[in-house]
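[1] this is a predicted model, with the sequence first.
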Amino acid sequence: MTSTTRTQQSRAGTAHPDHLGHVIFIAAAAAMGGFLFGYDSSVINGAVEAVRDRYDVGSAALAQVIAVALIGCAVGAATAGRMADRIGRIRCMQIAAVLFTVSAVGSALPFALWDLALWRVVGGFAIGMASVIGPAYIAEVAPPAYRGRLGSFQQAAIVVGIAVSQLVNWGLLNAAGGDQRGSLMGLEAWQVMLGVMVVPAALYGLLSFAIPESPRFLVSVGKYDRARGILTEVEGEGVDLDARIAEIELAMKREDKSTFRDLLGGSFFFKPIVWIGIGLSVFQQFVGINVAFYYSSTLWQSVGVDPTDSFFYSFTTSIINIVGTVIAMIFVDRVGRKPLALIGSVGMAVGLGLEAWAFSHDLVDGKLPAAQGWTALIAAHVFVLFFALSWGVVVWVFLGEMFPNRIRAAALGVAASAQWLANWAITASFPSLADWNLSATYVIYTAFAALSVPFVLKFVKETKGKALEEMG
C-alpha cells in the first residue's frame, strides 16, 4: 500500500458528512429490512400454541413448522450476495419487500399446516436477503467515522421489530380475550398476528425508492457520476471524490468480482477469514438467543406462568433487548467490537448458567418454586441484555466490515447462511430437547457462550476505525 493510498484512507476514515441527518435516514431506511427480519422471526411466538391446537401436532412437527422458515433464510442469504452484485442493493431490497408482503398474507390465511409452512419459507427467503443486503449496504454508504454506529442500525431495527411484534401479539391476545384462537376481525387471533406484517413490509418497499444505490455497486458497473454524487451526500464536500472513486475502483480492478470460488483456499475448504465469519455466526446462534424470541411464551407457560403474563414477559424481554442494543450502539465505535464481544460472552454464560440451575428444580403444583422462578426470569433478562449489548450488534458489524472487497458480498452471504442454518438447528431442536431435559438444554447453551471467549481472543481481529479497503 502506497503512502498516498494510506493518506486517502486516513482522510476517508475521518470524513464527516455535511448532512448527517440524511445519512442517518439512508441507514435507517435500509435497516427497515432488519425490522421485518425481527418482526417476522418473532411474531410466530404468539401463534405457537394456537397452531399446535388447531392442527393437533406434537412438539417435533410443530418445531419443524416454526423452524422451516430458517431454511428459506439460509437460501435467501446464500443467494442475496450474488444477486446484489448483479442487479444492485436497492433492487434486492424491493424484491425482499414484495416477498415479505406475500408471506404475511399467505401466513394469515393458511388452509393447511403445509401451506403455513410454505409461506413461512417465502418469508424466510426475504429475511435471508435482508440479513445480507442491510449490513452490506449500510457499510458501503456509511462514512468510516460513523460506520460502526450506522452498522448497528441493522441490529437495532431487528430488536425493535421483535419488540413491536411482541407488543402487537400481546395487544391482539387481550383483544381476543386472552385466547390465541379467539375471534378477531373474522379470523383467529394468531392469524391476525401473522397478517399485520403487511404494514411494515409495504413501508420497507416504499422507503427503498427514497434512498440511493451503493456507490461501490455504481463504480462496479461504471456509473461514476452517480457514485460521485452519492459519495458527496454521504461523506461530505471536503472529501476528495476523485481519490475516493479511484480508491474503490482500484480495489475492484485489482480483485475479481466475488464468487463462491473466491472463498475457497487454505487447509479446510474455505479461506480462514471466511471460517472466522462462519464461527461468529454460529456462536451467535448456538447460545440459544432465538429460543427467547420463538418460544418464550411457550417456555414460561411450561413452568406455570399464565398465558397473558407469558406474552407480557416476552415483551419485557424485548425491551431489555432494545436497551442492550442502544448500549452497544453507543460503545461499538468507542470501546471497539472485540471487547464488547468478550464482555457479552461472559455475561451470557452467567445468565444461561443461572437459567440452567433454576430449571433443574422440580415443578410444585405446575410451577417453579418462587426462588427458582424469579431467578429464571431475571437470568433470562440478563442473558438477553448481554447478548444485545454485544453479539447481537457486533456480529453484524463484523460481517459488514471484516472481509476484503474482493469477497465481501459472497463471504457475507456464506456467513449469514451459516447463521440461519445454526438458527434452524437450535429452533428445530429446542422443543424436543426441552421435553427431554430443559436444564440440560440450557447447560449446552451455557457451554457455547463460554467457548465463544477463546474463539474471539484467538481468531477475531478488531475492525474499528478501518476503511473497508484496508480489510484483508
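    All right, it came through fine.
[2] residue 289 belongs to a strand, doesn't it?
    No: Residue 289 sits outside any strand when classified using DSSP: H, G, I helix; E, B strand; the rest coil, being coil.
[3] need the nearest residue in space to it, chain neighbours excluded.
    residue 387 (5.2 Å; C-beta to C-beta, 6 or more residues apart in numbering). Yep, even glycine has a C-beta here, placed from its N, CA and C like the rest.
[4] which SS class is the one you found?
    For residue 387, the assignment made with three-state DSSP gives helix.
[5] ok, it touching residue 324?
    Yes: using C-beta atoms under 8 Å, residue 387 makes contact with residue 324 at a distance of 6.9 Å.
[6] am I right that residue 403 falls within a helix?
    No: going by three-state DSSP, the assignment for residue 403 is coil, not a helix.
[7] distance of it from residue 139?
    For residue 403, the distance to residue 139 equals 10 Å [C-beta to C-beta, to the nearest Å].
[8] between those two, tell me which one has more neighbours.
    The residue with more neighbours, out of residue 403 and residue 139, is residue 403; 29 against 26, by other C-beta atoms under 10 Å.
[9] contact partners for the residue nearest to the more buried one when sequence neighbours are not counted?
    In space, not counting the residues next to it along the chain, residue 403 is nearest to residue 411; the distance is 4.3 Å by C-beta to C-beta, 6+ apart. Residue 411 sits next to 81, 258, 263, 273-274, 277, 403 when contact means C-beta atoms under 8 Å, 6 or more residues apart in numbering.
[10] secondary structure element holding residue 411?
    Assigned by DSSP states H and E, residue 411 belongs to helix 408-459.
[11] I figured residue 435 hits residue 59, correct?
    Yes: with contact defined as C-beta under 8 Å, residue 435 reaches residue 59; the gap is 5.7 Å.
[12] mind putting the contacts of residue 411 into CSV with distance to residue 150?
    Output for these, formatted as CSV (distance: C-beta to C-beta, whole Å):
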residue, distance to residue 150
81, 20
258, 22
263, 26
273, 23
274, 24
277, 20
403, 18
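[13] show me where pLDDT drops low in the stretch 351-472 of the chain?
    Within the stretch 351-472 of the chain, the stretches with pLDDT under 70 are 465-472.
[14] the contacts of residue 411 in strands, which ones?
    Judged by DSSP state E, strands contain none of the contacts of residue 411.
[15] farthest pair in the residues you listed?
    Largest separation among the contacts of residue 411 by C-beta to C-beta: 81 and 273, giving 15.2 Å.
[16] the two: who's more crowded?
    Counted by other C-beta under 10 Å, residue 81 and residue 273 do not tie: residue 81 has more neighbours, with 28 against 21.
[17] report the buried residues of stretch 414-424.
    414-424 (16 or more other C-beta atoms under 10 Å).
[18] need the residues you listed in TSV (columns: distance to residue 293).
    Compiled in TSV, the buried residues of stretch 414-424 are given as follows (distance: C-beta to C-beta, whole Å):
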residue	distance to residue 293
414	24
415	21
416	18
417	20
418	19
419	15
420	14
421	18
422	15
423	10
424	14
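[19] the stretch 201-350 of the chain: helices as residue ranges?
    Assigned by DSSP state H, counting those that start in this stretch, the helices in the stretch 201-350 of the chain fall at 215-220, 224-235, 241-254, 272-286, 291-294, 296-302, 307-331, 337-359.
[20] elements contacting the second one?
    It refers to helix 224-235. Packing partners of helix 224-235 (3 or more C-beta pairs under 8 Å, 6 or more residues apart in numbering; DSSP states H and E): helix 20-30, helix 215-220, helix 241-254.
[21] can you list contacts of the first one?
    It refers to helix 20-30. By C-beta under 8 Å, 6+ apart, helix 20-30 touches 17, 93, 133-134, 137-138, 141-143, 146, 150, 153-154, 157, 207-208, 210-212, 233-234.
[22] for it, what is the average pLDDT?
    Mean per-residue pLDDT for helix 20-30: 87.
[23] now the helix or strand that it is followed by against helix 307-331, angle please.
    For helix 20-30, the following helix or strand on the C-terminal side (DSSP H and E) is helix 32-43. On the basis of axes from the mean of the first three to the mean of the last three C-alpha atoms, to 10 degrees, helix 32-43 is oriented at 150 degrees to helix 307-331.
[24] which residues are in contact with residue 311?
    With C-beta under 8 Å, 6+ apart, residue 311 has these contacts: 46, 166, 169-170, 173, 297.
[25] farthest-separated two in the residues you listed?
    Spanning the widest gap among these are 166 and 173, at 10.4 Å by C-beta to C-beta.
[26] joint contacts of the two?
    46, 311.
[27] compare these two (neighbour count), which wins?
    residue 166 (29 against 25).
[28] which SSE is the more buried one in?
    Going by DSSP H and E, residue 166 is in helix 153-175.
[29] and that helix, what does it pack onto?
    Judged by 3+ C-beta pairs under 8 Å, 6+ apart, helix 153-175 is in contact with helix 20-30, helix 32-43, helix 113-141, helix 189-195, helix 307-331, helix 391-401.
[30] relative to residue 441, which of the ones you listed is closest?
    helix 307-331 (17.7 Å).
[31] which parts of the closest one are buried?
    Residues of helix 307-331 classed as buried: 307, 310-315, 317-321, 323-329, 331 (neighbour count, 16+ other C-beta under 10 Å).
[32] next, the angle from it to helix 391-401.
    50 degrees.
[33] and helix 307-331, how far out from the chain's middle?
    15 Å (C-alpha atoms, centre = their mean, to the nearest Å).
[34] where does pLDDT dip in this structure?
    In the predicted model, the chain carries pLDDT under 70 at residues 1-19, 238, 251-262, 266-268, 302-304, 307, 465-472.
[35] repeat that for 50
    1-14 (pLDDT under 50).
[36] and the residue nearest to residue 214 when sequence neighbours are not counted, how many residues sit next to it?
    Spatial nearest neighbour of residue 214, excluding adjacent residues (C-beta to C-beta, 6+ apart): residue 140 at 4.3 Å. The number of residues packed near residue 140 is 23, by other C-beta under 10 Å.
[37] residues contacting residue 140?
    Going by C-beta under 8 Å, 6+ apart, residue 140 touches 89, 214-217, 468.
[38] residue 456 now?
    338, 341-342, 345.
[39] reformat those as CSV; add distance to residue 179 and neighbour count.
    Putting these into CSV (distance: C-beta to C-beta, whole Å; neighbours: other C-beta atoms under 10 Å) gives the following:
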residue, distance to residue 179, neighbour count
338, 48, 17
341, 42, 25
342, 45, 16
345, 40, 26
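[40] make a markdown table out of the residues you listed and add distance to residue 201.
    Formatted as a markdown table, the contacts of residue 456 follow (distance: C-beta to C-beta, whole Å):
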| residue | distance to residue 201 |
| --- | --- |
| 338 | 35 |
| 341 | 32 |
| 342 | 37 |
| 345 | 34 |
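[41] ok, so of these, who is nearest residue 407?
    Proximity of those to residue 407 was ranked by C-beta to C-beta; the top entry is residue 338 with 21.3 Å.
[42] what sits closest to the closest one if chain neighbours are left out?
    Closest residue to residue 338 apart from its sequence neighbours, by C-beta to C-beta, 6+ apart: residue 462 at 4.8 Å.
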